[in-house]
Structure formats: C-alpha cells, structure tokens
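Engineer: kindly generate the corresponding structure for this input.
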Amino acid sequence: MRIALVSLAAVAAAAVATPAMANEARIEARTGLIWNGSDSDAVAGVAAGYDYDFGDKFFVGIEGSADKILTDDTRVSWGAGGRAGVKVLPGSKLYAAANWQSKPCRYCNSAVGVGGGWQQDLGQKIYAKVEYKHQLIGDNTPDADLGLVGVGVKF
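Structural biologist: Here you go, the predicted model:
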C-alpha cells in the first residue's frame, strides 16, 4: 500500500507542475463493498487518472488503481482501465468504465470490470463519485459486483 501511495503522490506532484488546461488529472481515495452470490466484504483503495475533453460535452479518461479487500489473506489488487462519458450538468460527469484488475489473493483470478458511474464537483478542485462495476472473473469462479464511493482532488 505504501508503494501505491508514493506512486499516486508522484502523479499528483507531476500534475500540479503542469500548466492548467481544460483536461484534468485526478487522484482519489475510495471505499465500498464487493459481493458475489454468497459473500460480501469491504474494500478500500486509491486511484489516479486523467480525463481528455472532446468538445464541451464528451470526455475519455485513463485510470490506475490500487484496491484492497479488507479481509485476511488478501493483497492489494492493481488495476488499469479507462472511462468515457458525457458532462450532463455543470460539474457532473456520467460515464461508462472498464478495467483489468490483478488477482486480490494468491489463489484468486484476475478480473475484467465493466460498469459506470457519476462524478460530481463539490467545489473547484474537490469531487465525489459513485461507481458500480461487474467483475468478470472466469475460470469457473463466480463473477463479483463492486460498488464504490470516492472523494478526490482535480489538478
């Protein structure tokens, strides 16, 4: 987890050093719940990303994440993915998202997540978001669902 925090701090420092643009970098802390048909557990993590504007209404973005299922015998699961969406209201983004997530435990499988979310500005630099992803795991392992809420800073 220390590696993830140091990496995200480096991304944030680089983002602060760049000139202001319509496109935006972001870093966030998030928490939520992961569940399958028989079990559910809490999740906590961090993410960093960059959104590219396409006109006034559309955007696409990339994201890296580090999340941990808060139970014994799990490890940090690293993720890489993207999102695409529309700016529906001032300071609001509605988006579809997809990512790849590394395995969260030694004998687990990696997953591909698909879903969507809503991001809402709480000020000029602060935002909150809610996100849902269905994780396609494969290998005869039940799929899982992930619900997240997060708070972040834009640069």
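
Engineer: show me what counts as buried in the helix or strand harbouring V151.
Structural biologist: Assigned by DSSP states H and E, V151 belongs to strand 144-154. For strand 144-154, a neighbour-count test (16 or more other Cβ atoms under 10 Å) marks 144-148, 150, 152-154 as buried. Heads up, the C-betas are built off the backbone N, CA and C, glycines and all.

Engineer: ok, it: who's next to it in the sheet?
Structural biologist: strand 24-35 (antiparallel), strand 126-136 (antiparallel) (DSSP bridges).

Engineer: average pLDDT for that strand, rounded please.
Structural biologist: Strand 144-154 shows a mean pLDDT of 97.

Engineer: can I get the CA coordinates of it in CSV?
Structural biologist: Extracted C-alpha coordinates of strand 144-154, given in CSV (Å, rounded to 0.1, in the frame of the first residue of the first chain):
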residue,chain,number,x,y,z
ALA,A,144,-18.5,-10.4,-8.4
ASP,A,145,-20.0,-6.9,-8.2
LEU,A,146,-18.3,-3.9,-6.8
GLY,A,147,-19.8,-0.7,-5.5
LEU,A,148,-17.5,2.3,-4.7
VAL,A,149,-17.8,5.8,-3.3
GLY,A,150,-14.9,8.2,-3.5
VAL,A,151,-13.6,11.6,-2.8
GLY,A,152,-10.9,13.2,-4.9
VAL,A,153,-8.9,16.2,-6.0
LYS,A,154,-8.6,17.5,-9.6
